[in-house]
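*Asks:* Sequence first, predicted coordinates after that:
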Amino acid sequence: MPFEAVLINDSRGAVPIVLDMGVDLTKGKVYPMSNVSSHSLDSFAFNGDITLDSGSIHRISGYTRPDEQYAFLVKRVYHTDEDETDPVLQTWGRYDSDAGVDPWHKADTRLFNWLFNKVEENDTYQNCQAEKLKFAWRLRAFQPFRSKKFVGKISLHKSLKDKDNDRETALKPTKAFALMFPEIPHADLIKIYDQYMKEFVVRDFTVHIGETKADFALAYSHTQAASENVGHSCEHKSMSNSCMRYKINPESHEPHQFKGFPHHPAEAYASGDFKIFYTKDDIGQIGSRCVVYIDGDQYLAGPTYGTTEQSIQMIEDALTVASNDNWRYAERDEWIGAKLLRIDYKDCFVAPYLDTYPQAMTATCCGNHLKIDSCGEIDASDYSGLLSPDGCRSQCYECECRVHDDEARYSECTGNTYCDDCFYDIHFYCNHIHEDCHDSEGVTVYYMGTWGRDCDRYHQSIICDGDAVVCGDHDYWMAGDCVFSEYDDEWVNPDMLDDYFMSDDDGEWYPISQRAELSDGSEISIDEAKEKGYVLNNETNTWNEGDDT
């Protein structure tokens, strides 16, 4: 697999002392690598040979991520094989042994063989030319296996690049099948999915009924069972789509939505007016849940969230038994008057998004409850877990102030939400990629504006894209404002132009030290003058035709 290195750090601590900037190396320049090997202690560090600007070969060390101790950012170069007949493999990348794909390796032998048989049985395979659609090689490339971290999902390498970076993506089974075999009709994929669930996922649910804080927190935030295709309606919903399913002390792979909360938002239901019906499978994972308002002897249920149709049906059967067949899914306004616990936190209330209308509440005079009220000042349509009467829904990670959802800014780099001021303390808008970027991703680039020299911040990709260049004084400039000196093999910005001149002969730029002024007033390089037979007149300091004898 080809590699290339880009010099991003020209500090002496990173660049070997034996190399000189401007002679051996150029910042921002791409250097193809050969004889590449990985560092034995770090899979992200690579050694390889590059051809220096001076023409000699030098072995350098680089890193696949920006790192202050490495001068070079190493990138793998991936090429699409246009001769590949299989469209999926053409997108995935090279899948032969030269690319590191072991044709005999199976990450999950049972799943590999089962999938191969299911695909081979499908009409799509029977009706295609096997040499064009290489289903077996697709399985060898993607290497699907049953995820242990995300139970019920299938993990795979989505591309050769992901395989090289040891990056596995966990997908729901149907999405994984569709990614590997997009030719198979969706209806057939659903059938394969159902067969997969019966073959690999054992379902043994039991129903539980609770009304304590712990019961509500468990049903909402405990690990949920593997999800099947659940039909969506006002009454039945997929638990995977629930915004209230996260923990208050989340693991690293989960959203930190409720991090630091004193209670899970669902615990507010534990006022005595509600019960929670939920199912657990044989390993304790949650299969479905339903919050029910008990109004006298009548059970008024909110939507049932589930991972399977089976577990949802078990909730409804349990409701029938518990209510003596006196239950139904609540209609609009039928939860009015129901009380939730009042849990104060940071000038707001810890409480859930209401799945029924009205989505509004009022704080009661006793100070202990929030009552569902069509005229309530508390907006309960908020998914954040914190409800506030003034509409502030998000909290700034930096200053901890509350901000409106439409004013809150999320950082892809840090994974946190900020108010506008705090966000732009550490971010900037890049006019090159037209996105907000974190300061760590930025470089200062100079350009010539209306009033002279100016500068702006850009995402570092502007250098690799060639729109900005690193000049001889180590500043970044927009390429359109610079000229390139072939003689020095470096870019010259407007601040450096006084030290350069353009030859009247070949139009190239040279340092002043190489200027030869001819007797007719034109200026060319000394090398050009010598080639044309000019000699220097030391008295006039001009170059004349002829010799100096």
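*Replies:* Thanks, I have it.
*Asks:* okay, and the helix or strand of this structure with the least pLDDT?
*Replies:* strand 402-403 (a mean of 64; mean pLDDT, DSSP states H and E).
*Asks:* Spit out the contact partners of Ala45.
*Replies:* By CB atoms under 8 Å, 6 or more residues apart in numbering, Ala45 lies in contact with Ser38, His39, Ser61, Gly62, Tyr63, Thr64, Tyr70. Every C-beta, even on glycine, is put in place using the N, C-alpha and C of the backbone.
*Asks:* May I have the beta-bridge partners of it?
*Replies:* Going by DSSP bridges, Ala45 is paired in beta bridges with Tyr63.
*Asks:* can you list the weak-confidence ranges in the stretch 201-350 of the chain?
*Replies:* Counting by pLDDT under 70, the stretch 201-350 of the chain contains low-confidence ranges at 201-203, 228-229, 251-256.
*Asks:* so where do the strands sit in it?
*Replies:* 206-210, 236-238, 274-280, 286-295, 298-301, 304-306, 327-329, 339-341, 344-345, 348-350 (DSSP state E, counting those that start in this stretch).
*Asks:* Helix, strand, or coil at the residue nearest to the spatial centre of the chain?
*Replies:* Central residue of the chain (CA atoms, centre = their mean): Glu412, 7.4 Å from the mean position. Assigned by DSSP: H, G, I helix; E, B strand; the rest coil, the conformation of Glu412 is coil.
*Asks:* one step back: with respect to burial, which of the strands of the stretch 201-350 of the chain scores highest?
*Replies:* strand 304-306 (a mean of 29; mean count of other CB atoms under 10 Å).
*Asks:* Give the other helices and strands that that strand contacts.
*Replies:* With contacts defined as 3 or more CB pairs under 8 Å, 6 or more residues apart in numbering; DSSP states H and E, strand 304-306 has these neighbours: strand 236-238, strand 286-295, helix 309-322.
*Asks:* angle of the longest one against strand 286-295?
*Replies:* Calculated by axes from the mean of the first three to the mean of the last three CA atoms, to 10 degrees, helix 309-322 forms an angle of 30 degrees with strand 286-295.
*Asks:* quick one: contacts of helix 309-322?
*Replies:* Helix 309-322 is contacted by residues 203, 205, 207, 209, 225, 228, 230-231, 236, 277-279, 287-290, 292, 299, 301, 304, 306, 327 when judged by CB under 8 Å, 6+ apart.
*Asks:* Helices of the chain, residue ranges please.
*Replies:* 87-92, 109-121, 123-126, 135-142, 160-164, 173-180, 186-200, 213-221, 309-322, 420-426, 461-464, 526-531 (DSSP state H).
*Asks:* okay, the contacts of Ala45 in JSON lines with neighbour count and distance to Gln143 next?
*Replies:* JSON lines is the format used below for the contacts of Ala45 (neighbours: other CB atoms under 10 Å; distance: CB to CB, whole Å):
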{"residue": "Ser38", "neighbour count": "14", "distance to Gln143": "20"}
{"residue": "His39", "neighbour count": "13", "distance to Gln143": "25"}
{"residue": "Ser61", "neighbour count": "17", "distance to Gln143": "30"}
{"residue": "Gly62", "neighbour count": "27", "distance to Gln143": "28"}
{"residue": "Tyr63", "neighbour count": "21", "distance to Gln143": "26"}
{"residue": "Thr64", "neighbour count": "19", "distance to Gln143": "21"}
{"residue": "Tyr70", "neighbour count": "22", "distance to Gln143": "30"}
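*Asks:* Let's have the residues you listed in a markdown table, adding distance to Glu84.
*Replies:* Shown next, in a markdown table, are the contacts of Ala45 (distance: CB to CB, whole Å):
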| residue | distance to Glu84 |
| --- | --- |
| Ser38 | 27 |
| His39 | 32 |
| Ser61 | 34 |
| Gly62 | 30 |
| Tyr63 | 31 |
| Thr64 | 26 |
| Tyr70 | 34 |
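*Asks:* re the thing from before, weakest of the helices of the chain in terms of mean pLDDT?
*Replies:* Least confident of the helices of the chain, judged by mean pLDDT, is helix 123-126 with a mean of 68.
*Asks:* okay, now Thr307: neighbour count?
*Replies:* Residues near Thr307, counting by other CB atoms under 10 Å, number 26.
*Asks:* Provide a list of residues in contact with it.
*Replies:* Applying CB under 8 Å, 6+ apart, we find Thr307 in contact with Gln224, Ala225, Ala226, Ser227, Glu228, Val230, Ser238, Met239, Ser240, Ile286, Gly287, Ser288.
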